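Trainee: Quick one, fold the following:
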Amino acid sequence: MSLRRFTGILHAGEWFELQEPAARAMAGLFLASLRPGGLTVLPGRRPEQIRSVLFSLVTSDGERWFHGFVSVTDPAVTPETMRAAIVARESGKPVPDIRQEKLERIWNAAGADRGYADEVWPPGNEGFRTIVIRRPGFRPVLKLLAHLCAEEVQQLLPED
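Mentor: Sure thing, here's the model as predicted:
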């Protein structure tokens, strides 16, 4: 297992929205300290370089819950910067998917055809996301997700 995966740094800066019951279950004992619009850092049990945070945002539609991963070592990935990114994302005008968002959709839909590069890959690639590319008449090919060309991205995008 690569050091980047073990330390959790691969997930720093990632966030997703939760339904209220799931957020309340995750918060557990910390729920009392979590006020509307507030945040709490969930305790970690491994020697990680990231921390799990749970926070809520109060909008005109009501309270929305988010879970994310912030870095202990990188000052650019803090709960405040994550909150600002979510607010900017959720309050902005809808924009077409950028490449990174398309890759995330492909990654989430890949299921068993996804994984992480390990020590067999060239140095510097360990811990990066991999995906199996299947095409009729050809053998399956394992590629780094970030190395997909534009045609492969369009081909692998799941139907909505």
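Trainee: I'd assumed residue 17 was in contact with residue 65.
Mentor: Yes - between residue 65 and residue 17 there is a contact under C-beta atoms under 8 Å: 6.8 Å. (C-beta placed from N, C-alpha, C; glycine too.)
Trainee: Looking at the two, which has the bigger crowd around it?
Mentor: Using other C-beta atoms under 10 Å as the criterion, residue 65 and residue 17 rank with residue 65 on top: 20 against 14.
Trainee: how near is residue 153 to residue 159?
Mentor: From residue 153 across to residue 159, the span is 14 Å (C-beta to C-beta, to the nearest Å).
Trainee: okay, those two: which has more neighbours?
Mentor: Between residue 153 and residue 159, residue 153 has the larger neighbour count (other C-beta under 10 Å), namely 16 against 4.
Trainee: Next, the contact list for the more buried one, please.
Mentor: By C-beta atoms under 8 Å, 6 or more residues apart in numbering, residue 153 lies in contact with 99, 102-103, 106.
Trainee: mean confidence score for the longest helix belonging to the chain?
Mentor: In terms of residue count, the longest helix belonging to the chain (DSSP state H) is helix 79-91. Regarding helix 79-91, the rounded mean pLDDT is 81.
Trainee: Residue numbering should commence at 4 henceforth.
Mentor: Yes, from this point I'll number from 4; that puts the last item at helix 82-94.
Trainee: Tell me the helices and strands packed up against it.
Mentor: Applying 3 or more C-beta pairs under 8 Å, 6 or more residues apart in numbering; DSSP states H and E, one finds that helix 82-94 makes contact with strand 18-21, strand 42-45, strand 53-62, strand 65-74.
Trainee: Determine which of these approaches residue 115 most closely.
Mentor: strand 18-21 (21.0 Å; C-beta to C-beta).
Trainee: Pull the residues that contact the closest one.
Mentor: So strand 18-21 is contacted by 29, 57, 67-72, 85, 88-89 (C-beta under 8 Å, 6+ apart).
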